[in-house]
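Novice: Here's my sequence, what's the structure:
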Amino acid sequence: RQAKFESHLRIIHAIVKILARRSRPKSKSGKACTYFFGQWDALQVQLKHGEAELDNNLIENAIRPSAVGKKNFLFIGSPEAGKRTAIIYSILVSCERHGIDPLAYMTDVLKKIPAMTNQDDFSPLLPSNWKKPL
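Specialist: Model (predicted):
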């Protein structure tokens, strides 16, 4: 992979260099070339660490539902309702991220909260620390 990537990278660099000379700096092509040259050092690091992904599609796809939810719940009646909805939505997304069934999680946690002796430490109930009841 390293040999192929390096040769392709050199070819792309040569093409962008030619395009940069033919483009005005403030044109879309000129800005794209400037951006490419600004990312050149990071691309060089990629040559040494091929396990890193070149794009961020996985991250973008993972946060898309959360971003859509934020927009949908932005104006949900009142600031207090919006805040509560954001908290619940964050919990649900966190459950999903940790592979937890949100209904099972919420049912268990809502049963445990009233019986807790230390109301200041909810960390065992966070989705990242939660243990499914037997």
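
Novice: which is the next helix or strand following the helix or strand of the chain with the lowest mean pLDDT?
Specialist: Lowest on mean pLDDT, DSSP states H and E among the helices and strands of the chain sits helix 57-72, with a mean of 70. Note on helix 57-72: by DSSP states H and E, the next helix or strand toward the C-terminus is helix 79-97.

Novice: average pLDDT for that following helix?
Specialist: Averaged across helix 79-97, pLDDT comes to 81.

Novice: Contacts for the helix or strand following it, please.
Specialist: As assigned by DSSP H and E, the chain's next helix or strand after helix 79-97 is helix 102-112. By CB atoms under 8 Å, 6 or more residues apart in numbering, the surrounding residues in contact with helix 102-112 are Ile91, Leu92, Cys95, Glu96, Leu125, Pro127, Trp130, Lys132, Pro133. For glycine as for every other residue, the C-beta is placed from the backbone atoms N, C-alpha and C.

Novice: Just the buried residues of those residues.
Specialist: If you count burial by 16 or more other CB atoms under 10 Å, the buried members of the contacts of helix 102-112 come out as Ile91, Leu92, Cys95, Leu125, Pro127, Trp130.

Novice: Low-confidence stretches in the chain?
Specialist: Applying pLDDT under 70 to the chain flags the ranges 1-2, 50, 52, 65-76.

Novice: so who does Arg84 touch?
Specialist: For Arg84, no contacting residues are found, by CB under 8 Å, 6+ apart.

Novice: From Met116, how far out is it?
Specialist: From Arg84 across to Met116, the span is 20 Å (CB to CB, to the nearest Å).

Novice: swap in Arg22?
Specialist: Distance check for Arg22 against Met116: by CB to CB, it reads 67 Å.

Novice: which residue is nearest the centroid of this structure?
Specialist: Nearest residue to the geometric centre of the chain (CA atoms, centre = their mean): Ile59, 4.1 Å.

Novice: Now for the buried ones among the contacts of helix 102-112: which two are most distant?
Specialist: Using CB to CB, the buried ones among the contacts of helix 102-112 span at most 14.4 Å, a distance reached by Leu92 and Leu125.
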